[in-house]
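Participant: please find the sequence and the predicted model below.
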Amino acid sequence: MHTDLPVKEIMTTKVCKASPEDNVQEVAKKMVSFGVGSAVIVENNKPIGIVTEKDLIVKIVAKNLSPASVKVSEIMSKPLITIKPTKSVREAANIMMKNGIRRLPIVNNDGDLIGIITDNDILEVALDLGEFATLVKEHAVGYSELGGICEKCGKHADVLKEVNGLHVCEDCAMEGEE
């Protein structure tokens, strides 16, 4: 994962937001319309809590409560953990892992909500970078960092070199150069 990539580069800016006075049913409908698994609860654009799918299941469905009769402020998770937009994706991932959370609202210096980053956003970036690294390795001339069985002598090698269309160990590669 690129350690210096700031979260503002991958954050979602259209955040599903709700008021603490909204009922749970209204918030669930907003989440569905946004196609997301959480809503950030805000007062004057300052995030004060978050409601997730898990909150809806554990705090409403499992207790057989009526979503229309419960205010979202009663079930939201708080205090809310946030991050600044200039912090790195790695820092965001560490905060999320340390706190056991999957969503991290992003706030500016005034504390206003400007975006959100999720574990899926981080995974997508990590996969993109991993795929890029794989492509570089696949198209690099000569060496493969992936070890395997030498196609000439049959021994396992940590590094194989392509010689005359074969993936060979360093010893067999040197024989072919002589």
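Facilitator: Everything's here; your move.

Participant: would you mind measuring from Val51 to Gln25?
Facilitator: From Val51 across to Gln25, the span is 12 Å (CB to CB, to the nearest Å). Bear in mind the C-beta positions are built from the backbone N, C-alpha and C, glycine included.

Participant: of these two, who's got more company?
Facilitator: Neighbour count, other CB atoms under 10 Å: between Val51 and Gln25, Val51 has more, with 27 against 16.

Participant: confirm that that one sits in a strand.
Facilitator: Yes - using DSSP: H, G, I helix; E, B strand; the rest coil, the assignment for Val51 is a strand.

Participant: mind checking what secondary structure the residue positioned nearest the centre of the chain has?
Facilitator: By CA atoms, centre = their mean, the chain has its centre lying nearest to Ile122, at 2.3 Å. For Ile122, the secondary-structure state derived from three-state DSSP is helix.

Participant: Leu80 too?
Facilitator: At Leu80 the chain is in coil, as set by three-state DSSP.

Participant: give the contact list for it.
Facilitator: Listed by CB atoms under 8 Å, 6 or more residues apart in numbering, the contact partners of Leu80 are 40, 47-50, 105.

Participant: how about Pro47?
Facilitator: Neighbouring residues of Pro47 by CB under 8 Å, 6+ apart: 40-41, 80, 82, 105, 107, 111, 113.

Participant: now do whatever helix or strand it lives in: distance to the chain's middle.
Facilitator: Using DSSP states H and E, Pro47 sits within strand 46-52. On the basis of CA atoms, centre = their mean, to the nearest Å, strand 46-52 sits 19 Å off its chain's mean C-alpha point.
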